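*Asks:* Sequence below, structure please.
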Amino acid sequence: MTHPPNNSPIDFSRVNSYKAVATILDSLDALVYVADMETHELIFFNDYGQTRWGAPQGRRCWEVLQKNQNGPCEFCSNHRLTDPGGEPNGVYVWEFQNTQNGRWYQCRDQAIRWIDGRLVRIEVATDITERKLMEQQLEEARNQAEHLANTDMLTGLNNRRAFFNLGEQLMKEAARFCQPVSLIMFDLDYFKQINDRYGHAGGDAVLVNISSIIRNTAREADIVARLGGEEFAVLLPQTGFEQATNLAGRLREALVENNTEFNGQQIPCTASFGISCADIPSAMTLDQLLSRADHGLYVAKRNGRNQTASETAG
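*Replies:* So this is what the prediction gives:
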C-alpha cells in the first residue's frame, strides 16, 4: 500500500487509525483506491489493486488503471462527486469495462476530505464480470426468443404477428406526420399445383426463393412479411399509390423472370397482387388497408392472375 502524505503536521493517532483501516482495505476482494481530485495522483492503492495493476509508484490513477491514456479518462467521475460549491455530495455508483484487463467493475465513488484536508476521490470497484456475462447471455436469449416469435422460420421474413405489431406502429407514425402509407398483398398463383408436382420440399424452395426476391426488390424501410401459406405483404411507409404500383410491377416481373431451381429442375411461379393506399392514414386502420388490398388481390385473381389490381382510400 501507499502511505499517508507528510506535507502537513501529522496527528499520529490518526495515522494509526489510517494504518488500521488500510489493513482492512488490503484484505478486501475488491479494488480500493484514493486519488487526489486535482492532480489524480494515487494516494492509496490496496493490495487487490497492486496485485492486478502493479504498484502506483507516484503515478496518477489513469496511468495505472487504464491503457493508452494521455490524460484523465473521459469517463472520470470527479465532476459528479461534488456540488456546485465544490463540496462532496455523496456516492456515485456506475459500471464500466476496464481498458487494461477487459473485465467489468461496479464502482462506488465518493469525494471525501483526506487526513491532510485536501479533496480526494475514493473508489471501491468490485469485479462483476461473471454477472455481466450472465446478463449479456440472458439478453441475447431474450433477443433470440423475440426474433423467433416474430420471424417466419422458413423464409426468415417477418411473420403475421410481427407484421401487425410493426404495421400498427407505422400507421400511428404516418397519421402523426400526415404521411401516406401503401400496402401490397400478393398470393402465389396455383401454388397447390406446385406442391402436388414437386412435393412440399419443392414448394418450400419456391417460398424461400420468392422471399429472397422480395428482399432484393423492397426498400430497407418497407415492412415485408409472410402472412401465411403462400400469401405475402409489403407495407410501404411514406409511399403513394403510384410508387406502390411501380414496386408491385417490379415484384411481379421479378417473379416471372426468376424461376426456382429445385433438384435440377426450374419451377416457374407467378403471383397476383392487390394494392391499397391511404393518403390520409388517420382516416383508416391497418385492418381496413388490408381489407382493401385483399379485395384488389381477389380482383386480380378473378381477372386471370399474374397481374395487379388496386383500391385507393382517403
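*Asks:* Check whether the residue most central in space within the chain sits in a helix, strand or coil.
*Replies:* The chain has residue 143 as the residue nearest its centroid, 9.0 Å off, counting by C-alpha atoms, centre = their mean. Following DSSP: H, G, I helix; E, B strand; the rest coil, residue 143 is assigned to helix.
*Asks:* confidence score at it?
*Replies:* We have a pLDDT of 87 for residue 143.
*Asks:* quick one: it from residue 130, how far?
*Replies:* 20 Å (C-beta to C-beta, to the nearest Å). C-beta here means a position set from N, CA and C on the backbone, and glycine is covered the same way.
*Asks:* can you check residue 62 too?
*Replies:* For residue 62, the distance to residue 130 - C-beta to C-beta - is 26 Å.
*Asks:* With neighbour numbers in mind, choose between the two.
*Replies:* residue 62 (18 against 10; other C-beta atoms under 10 Å).
*Asks:* Quick check: which element contains that one?
*Replies:* According to DSSP states H and E, residue 62 maps onto helix 61-65.
*Asks:* Quick one: list the elements packing against the next helix or strand after that helix.
*Replies:* Remark: after helix 61-65, the chain's next helix or strand is strand 91-97, criterion DSSP H and E. Strand 91-97 sits against strand 104-113, with contacts defined as 3 or more C-beta pairs under 8 Å, 6 or more residues apart in numbering; DSSP states H and E.
*Asks:* Beyond the strand it packs on, next helix or strand please.
*Replies:* strand 119-127.
*Asks:* strand partners of that next one, parallel vs antiparallel please.
*Replies:* Sheet partners assigned to strand 119-127 using DSSP bridges are listed as strand 31-36 (antiparallel), strand 104-113 (antiparallel).
*Asks:* need the helices for the stretch 101-250 of the chain, in chain order.
*Replies:* Using DSSP state H, counting those that start in this stretch, the helices of the stretch 101-250 of the chain run over 129-150, 160-177, 191-217, 241-257.
*Asks:* got a list of contacts for the last one?
*Replies:* Going back to what we said before, that points to helix 241-257. 180, 182-184, 186, 210, 213-214, 216-218, 234, 236, 239, 268-271, 273, 275, 277, 279, 306-308, 310, 312 (C-beta atoms under 8 Å, 6 or more residues apart in numbering).
*Asks:* Can you tell me which of those residues are classed as buried?
*Replies:* By neighbour count, with 16 or more other C-beta atoms under 10 Å, those hold 180, 182-184, 186, 210, 213-214, 217-218, 234, 236, 239, 269, 271, 273, 275, 277, 279, 306-308, 310 as buried.
*Asks:* follow-up on the earlier one: relative to residue 305, how far out is the residue nearest to the centre of the chain?
*Replies:* Counting by C-beta to C-beta - residue 143 and residue 305 are separated by 40 Å.
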